[in-house]
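Visitor: Predicted coordinates and the sequence they were generated for:
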Amino acid sequence: MTMNPDLQRERENATFHVEKITNMLDGGKTRTDRRRYLEAVIERDPTGIFSNDDNHFLHRTQRHIRSVAKGVRLIELCRKLGIGDECGGEITESQDFQVILEAVGDDVPLALHWVMFQPNISSLCDEEQRARWLPLCRDWRMIGCYAQTELGHGSNIRALETTATFLPEARGGEKGGSWVINSPTLTSAKFWPGTLGRTANHAMVIARLIDGEGVDRGIHNFLVPLRSMEDHSLLPGVTTGDIGPKIGYNNMDNGFAMFKNVVIPRRNMAMRFAEVDETGKYRKKHVSDAASKVAYITMMQVRAMIVQGAAKALAMACVITTRYSAVRKQGFAEDGKTELQVLDYRQQQHRIFPLLAASYAFYFSGRKLWTQLKNIEEKLIKAKPLNKAVVSDVHATSSALKSFTTTVAADGIEDCRKACGGHGFLSSSGLPELFTTYLQSPTVEGDNAMLPQHVIRVLLKLVQAVQSNQGVEDYKACDSYTLVPSLKVVVHGGHEQCNAITSQDMCQLPTLLSAFRHRAARLVVAVASQMNEDVTVKGSSMQEAWNNALVAMGKASRAYSLLLILQDFTEGIVEEQRNQIIGRPEADVMNDLAKLFALYWMEKDMGEFLEDGYLSPGQAKWVASNVNSYLAVIRKNAVALVDARDISDFRLKSALGRYDGDVYPHIMAAAKKDPLNAVDPGPAYDPALKRLIKGGVGVYSGTASRL
């Protein structure tokens, strides 16, 4: 491979061992080796089905067909490789599955089967139901999706309209009773669920349970067959289809579904936490207060995946933009002859490096959140005691991190595209599809503008505990406990100030963490104070006070997210060094990224650090100068830091971000490959353009006739 000399020089000048950070990101050298092996399996597959070379030139229907074929071949390869054998044949439970899935470098329409459908069966169905359905899922006979969102309602699940009405055997139901699933209105049509349109043959449908007495028991889960498992034909009363082209993510058949008197067995209701007997009598099962939150576990695990996905998607954009900025030349040095690398411009560094830092920061937060949720899941499965505060707290964490990281990643990918100039607008840059496909993330699994309410609802209880000095100890194992030192000061009218005496002090991570802790605590208390004043002084209702505080909640949630992320980043670096996954040089460059991340966001939100006097005007000036300084510090390691992600050219799908830096020949090759260039003259010449040039339809005759 011939290497671009600028990229080669960048790599030679790195101050750390790239492979060590790659190993850290993978979870160790063994995992790195395994990932590279699995990626090679996909790239070298003799069927050629995994090729992404002509993706940009395929119609959406062709992309969907091909991506389903990729998914099927992927499952076939997993079986041949024994992936999932260690999990009783459950391919998607294997540690290798996510790795080989990412190696495909394309979206697979089967995804909601393992992301939402199977986890719902595992967490919400009783033992007999799990024993009946999970083997069918394992063997890919039953392929499912999660059908919650409707045309008229999304996250407001209490307003969902789909109904599941109990039908006793005596009135025509099946033996033991049945449910009749109906979409009573147009707005009750299920709309948006991934995998629903053309792929799934079953759905976990969220519907209003109407029991044998005609009582609406609220929202419950029902496993509804959609299509025959023999020939994939729609079953009686079921209508499904794809919702049509979207901004991106068009491999996925996000679908609609309507139900007209669809009859399913009584036992197709998920019955781990509630049941309806053969007479139609509804009964909630007795479960612990914490265990009752198991319904949230699936959602939170998906959010953890989304946080991890934010880190990976943002990293891909940074890889492309950083490498291209090292290869691309713009302007001249003082000698008037030497062209300058775009990456040497401080403005370009300011556009890219904070995003690069964020991609690493998000990695540590996503990893920690996933570990927390797996620990909760294990306790639920083993019926171990669970602290209610811990379950609520991790719900707040997942909500905060999902909202913040996906917002930053979506905006950041687009910023990276713009930082590549005109070539970033090319599909062959890889950035447009990366961006448009990622744009779903700020909306799915909770709209980012609404999730802060979940965060603040939990944090306000901690504020109350601190104010009353009762129950604070319950939060010791919680993420939010980090707020307690500052909350104790703020709620009692005290005042904290930054203790930085010099500009260098302002760069110390403990100093930065204290600042972010204070800011988050103060903004949460400000929400509580505002609501209290609205209710007690202005006479507002609680609902009005809550609505009035939504903007403040958004600010507080963002501040809390940044505190968690910075804390996870710094603790993660220490842990990796302690475990000898990385050495001192790698820890140093990671700490440089953590400092840049904190300083950048402090400067961006400076008003919130100044408004109560926590920072002085002089300290605020240090922040801006230190951001500039750390851009220069990161500069020498920028290419090595994106290389450490070890994202292959096959997965990157970018002419601009190639590892070898051979950018311009590949841009031109992609242009020539366009089917529009297949014939000459172009396909629009005859008859349209020919009529204009040769036919004379545009010739000026000097007169005009009135039409």
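Guide: Received the coordinates, thanks.

Visitor: contacts and neighbour counts: CA atoms only from here.
Guide: Will do.

Visitor: where's Ala389 relative to Phe273, distance?
Guide: 20 Å (C-alpha to C-alpha, to the nearest Å).

Visitor: oh sorry, the question was meant for Cys416
Guide: Distance from Cys416 to Phe273, by C-alpha to C-alpha: 47 Å.

Visitor: ok, which stretches of the stretch 151-300 of the chain are strands?
Guide: Counting by DSSP state E, counting those that start in this stretch, the stretch 151-300 of the chain has strands at residues 163-167, 178-182, 190-191, 202-210, 216-225, 238-242, 255-259, 262-265, 274-276, 282-284.

Visitor: and the angle from the fourth one to strand 178-182?
Guide: If I follow you right, that is strand 202-210. 100 degrees (axes from the mean of the first three to the mean of the last three C-alpha atoms, to 10 degrees).

Visitor: Give me the contacts around strand 202-210.
Guide: 117, 120, 142-148, 160-166, 196, 216-227 (C-alpha atoms under 8 Å, 6 or more residues apart in numbering).

Visitor: rerun at 7 Å
Guide: 117, 142-148, 160-166, 216-227 (C-alpha atoms under 7 Å, 6 or more residues apart in numbering).

Visitor: filter those to the buried ones?
Guide: In the contacts of strand 202-210, burial by neighbour count holds for 117, 142-148, 160-166, 218-227, counting by 16 or more other C-alpha atoms under 10 Å.

Visitor: And Glu128, how far from Arg141?
Guide: Glu128 is 18 Å from Arg141, by C-alpha to C-alpha.

Visitor: And the pLDDT at the residue nearest the centre of the chain?
Guide: When C-alpha atoms, centre = their mean is applied to the chain, the residue found nearest the centroid is Ile306 (2.5 Å). You'll see Ile306 listed with a pLDDT of 95.

Visitor: Repeat that for Val287.
Guide: Model confidence at Val287, given as pLDDT, is 65.

Visitor: Same question for Val391.
Guide: 89.

Visitor: Repeat that for Ala383.
Guide: Here the pLDDT value assigned to Ala383 is 72.

Visitor: How many residues are close by it?
Guide: Ala383 is flanked by 11 other residues according to other C-alpha atoms under 10 Å.

Visitor: distance between the ends of stretch 488-497?
Guide: End-to-end distance (C-alpha to C-alpha), stretch 488-497: 14 Å.

Visitor: Return the set of buried residues in that stretch.
Guide: Lys488, Val489, Val490, Val491, Glu496.

Visitor: what distance separates that stretch from the centre of its chain?
Guide: Distance of stretch 488-497 from its chain centroid, counting by C-alpha atoms, centre = their mean, to the nearest Å, is 36 Å.

Visitor: Excluding chain neighbours, what is closest to Glu169?
Guide: Gly177 (4.7 Å; C-alpha to C-alpha, 6 or more residues apart in numbering).

Visitor: Could you tell me how many residues sit around that neighbour?
Guide: The local packing of Gly177 (other C-alpha under 10 Å) involves 24 other residues.

Visitor: shouldn't it be in contact with Ala170?
Guide: No. The pair Gly177 / Ala170 is not scored as a contact, 8.2 Å apart, by C-alpha atoms under 7 Å.

Visitor: Which one's more surrounded, Glu128 and Arg141?
Guide: The neighbour count for Glu128 versus Arg141, taken as other C-alpha under 10 Å, is higher for Arg141 (14 against 11).

Visitor: Could you say which helix or strand holds the nearest residue to Asp26 once chain neighbours are set aside?
Guide: Excluding its sequence neighbours, the residue lying closest to Asp26 (C-alpha to C-alpha, 6+ apart) is Thr32, at 5.5 Å. Element membership for Thr32 (DSSP states H and E) is helix 29-43.

Visitor: In CSV, please show the C-alpha coordinates belonging to that helix.
Guide: C-alpha atoms of helix 29-43 as CSV (Å, rounded to 0.1, in the frame of the first residue of the first chain):
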residue,chain,number,x,y,z
LYS,A,29,-5.8,-7.5,22.6
THR,A,30,-7.7,-10.7,22.2
ARG,A,31,-10.8,-8.9,21.3
THR,A,32,-9.0,-6.8,18.8
ASP,A,33,-7.6,-9.9,17.1
ARG,A,34,-11.0,-11.5,17.1
ARG,A,35,-12.6,-8.3,15.6
ARG,A,36,-10.1,-8.1,12.8
TYR,A,37,-10.7,-11.8,12.0
LEU,A,38,-14.5,-11.3,11.8
GLU,A,39,-14.1,-8.2,9.7
ALA,A,40,-11.9,-10.2,7.3
VAL,A,41,-14.6,-12.9,7.1
ILE,A,42,-17.1,-10.3,5.9
GLU,A,43,-14.8,-8.5,3.6
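
Visitor: buried set for that helix?
Guide: Lys29, Arg31, Thr32, Arg35, Arg36, Leu38, Glu39, Val41, Ile42, Glu43.

Visitor: Ala200: which of the residues you listed is nearest?
Guide: Ile42 (24.6 Å; C-alpha to C-alpha).

Visitor: From Ser51, how far off is that closest one?
Guide: For Ile42, the distance to Ser51 (C-alpha to C-alpha) stands at 9 Å.
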